[in-house]
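> What follows is a predicted structure for the sequence shown.
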Amino acid sequence: MTSPTPQSDMDRARISTDWIFRRWPKQPRFGIVLGTGAGDVAKAIEVEEVFEYREIPEFPVSTATGHASRLICGTIAGVTVVAMKGRFHLYEGYSWQRATHGIRVFDQLGLKNLIVTNAAGGINSKFVSGDVMLIASHFDWMFRYAQPRGAWNFERTPQRRSDMVYDSEFMELAEQAARRADFPIYRGVYAGMLGPNFETRAEYRALRKLGADAVGMSTIPEVCLASQFNWRVLGLSVIANVADPDILVPTSGEEVIELADIATRKLKAIVEEVLAFHR
Ligand code: HPA
């Protein structure tokens with residue numbers, strides 16, 4: 001018997017969710033999206049099940065440098081979590097809807113809290129490589145949030161500013177983790193650009209003038225959908241390269257991954273702190 005053709009993004013997510021739930025019948029409380037170089041966070045998970053994206057019906061497969069493609073299900077500090085190791089970027093050619101497939105699956109699994117991590121370019125001159133920034137607000141300069149007719153669910157979410165999801169209690173817990181482990185942490189503004197190129201010197205200079213602290217090519221689609229779902233979000237940017245427009249050295253994808261590695265231990269400490277509090 002063939003399964004019916006999915007009609008909508010929600011139907012597609014339902015197909016993935018049903019498959020996952022048959023193999024891991026749990027209701028996670030937190031969803032985690034692990035970006036470039038967030039490897040140690042995955043190590044914090046007491047793993048119960050791991051699924052390759054390609055096994056899960058309707059799940060996209062990520063192609064970007066440094067991105068694995070697996071869904072890790074388990075617990076951290078006794079809290080049930082589901083983590084996407086490997087995400088989907090618009091610059092890979094995914095539509096906004098496909099890039100946020102995992103978030104709809106998280107929604108259907110019943111969770112309401114999201115932790116997203118990414119590697120970003122540092123715009124604020126006080127940053128050094130390996131710093132962690134808490135996303136307090138963002139620029140959505142991907143300019144892609146055109147929903148197909150009927151996809152935006154106004155009943156479910158009254159219109160609101162999508163940066164209201166960045167939760168202050170989560171940020172305070174992250175700051176507490178940083179104090180405990182003795183590393184600096186900052187709140188700042190993440191500029192979400194389409195990519196795939198790194199910014200030009202002129203663009204870095206403009207972003208700095210306009211009040212961005214870090215710049216990257218992910219996270220915005222996931223956070224905007226989380227906002228539509230009315231979740232609480234913790235957004236963590238690892239400062240990979242510091243983009244000084246006046247001494248711009250070329251940045252490579254490999255370098256970003258290497259530098260993001262320095263901060264992975266910090267991310268792990270933050271995630272553990274937030275989850276232990278919500279045990
Ligand atoms: N720009 C955009 N995305 C990035 C950067 C950057 O400088 N570094 C890591 N991701």
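Nice, I can see it.
> roughly how far apart are V132 and Y190?
Distance of V132 to Y190, given as C-beta to C-beta, to the nearest Å: 12 Å. For every residue, glycine as well, the C-beta is placed using N, CA and C.
> These two - which one has more neighbours?
Of the pair V132 and Y190, Y190 is the one with more neighbours under other C-beta atoms under 10 Å, namely 29 against 22.
> what are the pairing partners of the helix or strand where that one lies, and which direction each?
Following DSSP states H and E, the helix or strand that holds Y190 is strand 185-193. Here strand 185-193 is paired, per DSSP bridges, with strand 132-141 (parallel), strand 214-216 (parallel).
> Does whichever residue of the chain sits closest to the ligand have any beta-bridge partners, and if so which?
In the chain, no residue comes nearer to the ligand than G121, which is 2.2 Å away by C-beta to the nearest ligand atom. Beta-bridge partners recorded for G121 (DSSP bridges): V215, N241.
> Do I have it right that A243 meets V215?
Yes: if you go by C-beta atoms under 8 Å, A243 and V215 touch, sitting 7.0 Å apart.
> between these two, what contacts are shared?
Listed as contacting both A243 and V215 by C-beta atoms under 8 Å, 6 or more residues apart in numbering are G121, I123, E199, Y204.
> and the stretch 151-279 of the chain, which of its residues are near the ligand?
F198, E199, V215, G216, M217, A240, N241, A243, T251, V256 (C-beta under 6 Å from any ligand atom).
> and the gap between L210 and Y204?
11 Å.
> and these two? which has more neighbours close in?
With neighbours defined as other C-beta under 10 Å, L210 and Y204 compare such that Y204 has more, 22 against 12.
> That one sits in which helix or strand?
helix 201-210.
> quick one: buried residues of that helix?
Residues of helix 201-210 classed as buried: E203, Y204, R205, L207, R208 (neighbour count, 16 or more other C-beta atoms under 10 Å).
> Of these, which is the nearest to V274?
For the buried residues of helix 201-210, the minimum distance to V274 (C-beta to C-beta) is 28.3 Å, reached by L207.
> What is the least confident helix or strand in this structure?
When each helix and strand of the chain is scored by mean pLDDT, DSSP states H and E, helix 253-262 comes last, with a mean of 65.
> Tell me the helix or strand right after it.
Past helix 253-262, the next helix or strand by DSSP H and E is helix 264-277.
> would you list every one of the strands in this protein?
30-34, 46-52, 70-76, 79-85, 113-122, 132-141, 185-193, 214-216, 232-242 (DSSP state E).
> so can I have TSV of those strands showing distance to M171 and mean pLDDT?
TSV is the format used below for these (distance: least, C-beta to C-beta, whole Å; pLDDT from 0 to 100):
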stretch	distance to M171	mean pLDDT
strand 30-34	15	97
strand 46-52	25	97
strand 70-76	18	96
strand 79-85	18	97
strand 113-122	12	96
strand 132-141	5	96
strand 185-193	6	97
strand 214-216	15	97
strand 232-242	7	93
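> Between those strands, which one is closest to D163.
Among those, strand 132-141 sits nearest to D163 (C-beta to C-beta), with 4.2 Å.
> Report pLDDT for the closest residue in space to D107 that isn't next to it in sequence.
In this structure, D107 finds its nearest non-sequential neighbour in F229, 5.4 Å apart by C-beta to C-beta, 6 or more residues apart in numbering. Note for F229: predicted pLDDT of 90.
> Near F229, how many other residues are there?
Neighbours of F229 under the rule other C-beta under 10 Å: 18.
> what's the answer for R179, then?
When neighbours are counted by other C-beta under 10 Å, R179 registers 12.
> Quick check on the closest residue to Q27 other than its chain neighbours: phi, psi?
Nearest residue to Q27, sequence neighbours excluded (C-beta to C-beta, 6+ apart): G110, at 4.4 Å. Dihedral pair for G110: phi 100, psi 10, per degrees, to the nearest 10.
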